[in-house]
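Undergrad: Give me coordinates for this.
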Amino acid sequence: MPIPDSSPAQFVPIPPDRSPESNPSQTLDRVPSSDAPGLAHVWVRARDTVPTRVLEVAEDDTAWRRAGSPWQAETPREPSPSITRQLLLDAYEAYCTNPLAYAVIEQGTNFVLGGGVRATAADARVQRAIDRFWHDPENRLDLRVYAIQTELSLFGEQFLRAFTDPATGRVVIRQLDPLAIEAIETDPDDIERPRRYLYRPPHERSVHASGGAGSEARGVGASTLDGEWIPAAEVDHFAINRVSNARRGRSDLAPILPWLIRYKEWLLDRVRINRSKGAFLYDVTVTGGRRDDLERLRREYEAYPPEPGSILFHNEVESWRAVQPNIGADDVRDDGRALRLMIATGAGVPEHYLSEGGNANRATASEMGLPAIKRFQRRQEYLRGLLTRVVRRALDAQVAAGRLSARADRRFTVTFDELVADSRDVRVAWLSQATDALATATDRGWVSGTEARRLWWRLAGDADAVDGGDGARTDGGGR
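TA: Predicted coordinates:
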């Protein structure tokens, strides 16, 4: 399959007429793009004006960023690239080391995709094309979809790059690490229309920093010493928790990261306190003992301290007393619960989802779970749109390669299992009760047979019957 090559460009001196040293206090709004011949990358401190000398690219560019680059500029609702990177690192660290953070992410994946997901088409030819892409050994979407949902929730975004073989129409997708996406260049007039993505994986940074293979100039191309610019046509960017005029998504853990840290520190403090509460020491008083007698006893008891449960024998000259620390932090259960409630609120799940039953019974827990179920349904709809776009790309590629007829009905649906296991049984029981009630109302003349049928189909969720299609069912047929 054709994969874009990496061809770093060469840095060249800044032309004299474009040097900012001629006016050191000017505001740097724009710098030449990396593919402009004869111009170099310039790095400046992260501030609006530069009263000092502008430095060229050096090996140590820590705490520096591009000057006014349109793909690097901050928006009023988007943090700086350094803050975005730190949030991604903090979210991943919490997911790996904090049990509550891990539970928030994994439970979301279990609810959204617990029963799997399927893409089905009415046309058999289209279904075969979908299956070729879905079950491709390089794709394995039946398994990859779990990683997509987990990392979408963890990082707040996913970059899916498609590699297409134009001869066969085969499409292979790969997940790009959001940490390796350093910049997104968008249309100057439309921030929601990306043009290209700056991709720089960690291994490239180490190679370029050490001056190893690949750091030499190979002409102007899609890749530079700063990474590879990938056209937007090859990448599908999906972002959640993103406000308008923002390029990047935000992790589901972002609102609760400070409270996860506080809860972890609180637990560590409780462990230290409980350990200290069980500690004690012996205070030995020797009546009338001289200094040399005290030193001799101290060396003797330090060499052979009393074991727990041992019996001590001494005369009236010695007096032994066990001393424990007086730590008055016996009941802090409410403090811990307050921190867990803050975490549960920020995660959008009830408290008992985080292994804390609290004071909830079964009925209360069922009602408390409704907002979380709605949140997971919303995430299912987003994931449905994600998979729809990915599958449509694969179908279009197969049509372009001639493996699928352009006249085929390419409509398909992405379906998930029910979020609640017993929801179907509950609906059936409820509809049975509604049927009995409508039958009683019809027998007593409160409603006509036609009105009862319309109400029944409305309750059953049949929109066609409500819109006038019930006439074909007046004889009880059709269902």
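
Undergrad: where in the protein is pLDDT low?
TA: Under the criterion pLDDT under 70, the flagged ranges of the chain are 1-76, 203-226, 277-278, 327-333, 352, 355-369, 420-426, 461-479.

Undergrad: Now do the helices in it.
TA: Applying DSSP state H to the chain gives helices spanning 81-97, 99-113, 124-134, 141-155, 202-210, 257-277, 291-303, 333-347, 362-400, 423-443, 449-460, 463-466.

Undergrad: quick one: buried residues of the third one?
TA: Just to be clear, that refers to helix 124-134. Within helix 124-134, the residues that qualify as buried are 125-126, 129-130, 132-134, counting by 16 or more other Cβ atoms under 10 Å. All C-beta atoms are positioned from the backbone trio N, CA, C, and that covers glycine.

Undergrad: cool, and the second one?
TA: Going by neighbour count (16+ other Cβ under 10 Å), the buried part of helix 99-113 is 100-101, 103-105, 107-109, 111-113.

Undergrad: Likewise for the fourth one?
TA: Of the residues in helix 141-155, those with enough neighbours to count as buried (16+ other Cβ under 10 Å) are 141, 144-146, 148-155.

Undergrad: Domain map for this structure?
TA: According to automatic domain parsing, the chain comprises the domains 258-333, 423-473.

Undergrad: which of these sits most buried?
TA: Per residue and on average, the most neighbours among the domains of the chain fall to domain 423-473, with a mean of 13 (mean count of other Cβ atoms under 10 Å).

Undergrad: what about residue 338, neighbour count?
TA: By other Cβ atoms under 10 Å, 14 other residues sit near residue 338.

Undergrad: before we move on, back to that, which of the buried residues of helix 99-113 sits closest to residue 279?
TA: Within the buried residues of helix 99-113, proximity to residue 279 (Cβ to Cβ) peaks at residue 100, which comes in at 29.1 Å.

Undergrad: Now do the contacts for that closest one.
TA: Listed by Cβ atoms under 8 Å, 6 or more residues apart in numbering, the contact set of residue 100 reads 260, 263, 340, 343, 354.

Undergrad: Hmm, the fourth one is touching residue 261, no?
TA: No: between residue 343 and residue 261 there is no contact under Cβ atoms under 8 Å: 10.5 Å.

Undergrad: now the helices of the chain in CSV, with distance to residue 187?
TA: Formatted as CSV, those follow (distance: least, Cβ to Cβ, whole Å):
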stretch, distance to residue 187
helix 81-97, 19
helix 99-113, 32
helix 124-134, 30
helix 141-155, 24
helix 202-210, 27
helix 257-277, 32
helix 291-303, 77
helix 333-347, 34
helix 362-400, 19
helix 423-443, 43
helix 449-460, 46
helix 463-466, 39
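
Undergrad: so which of these comes closest to residue 186?
TA: helix 81-97 (14.3 Å).

Undergrad: No more questions from me, cheers.
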